[in-house]
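Undergrad: Output the structure for:
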Amino acid sequence: MSLTELENVIIAYEPVWAIGTGITATQEQAQQSHKLIRSLLTDLYNEAAAQSVVIQYGGSMNPENVKNLVAQPDIDGGLIGGASLNAKSFAKIINHSGQTDRTAR
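TA: Next up is the predicted model:
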């Protein structure tokens, strides 16, 4: 994939053990995995390219854990699954996500 193509990439990460379980990685576990992904992108491309890629957490993000997950430096948001089925729950996630102070990612 070229650098130009990479500009259009969004990566969603979910631990295999979390798929369909409702179990969420701790903020530290999620950050560690996202940091590894960003590190691999740095190795394949460069630091600027790696920092420009949006990496979302996809493992059961909900109103109770969104704040701690998106506070991590390498987690750029969430790929929301079941929590989006309840409008009030989903609104809480969206409202919190809008309060984060992200750099140009």
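Undergrad: longest single helix anywhere in this structure?
TA: helix 27-44 (DSSP state H).
Undergrad: what sits against S84?
TA: F90, I93 (Cβ atoms under 8 Å, 6 or more residues apart in numbering). Bear in mind the C-beta positions are built from the backbone N, C-alpha and C, glycine included.
Undergrad: Could you check how far it is from N68?
TA: Relative to N68, S84 is positioned 19 Å away (Cβ to Cβ, to the nearest Å).
Undergrad: same question, I94
TA: 17 Å.
Undergrad: so where do the strands sit in this protein?
TA: Along the chain, counting by DSSP state E, strands occupy 10-13, 54-57.
Undergrad: can you put those in a markdown table and add mean pLDDT and mean neighbour count?
TA: Listed next are those as a markdown table, based on pLDDT from 0 to 100; neighbours: other Cβ atoms under 10 Å:
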| stretch | mean pLDDT | mean neighbour count |
| --- | --- | --- |
| strand 10-13 | 95 | 14 |
| strand 54-57 | 96 | 21 |
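Undergrad: Adding distance to H34, write those out as CSV.
TA: Output for the strands of the chain, formatted as CSV (distance: least, Cβ to Cβ, whole Å):
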stretch, distance to H34
strand 10-13, 6
strand 54-57, 5
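Undergrad: Any idea which of those gets closest to I23?
TA: strand 54-57 (13.0 Å; Cβ to Cβ).
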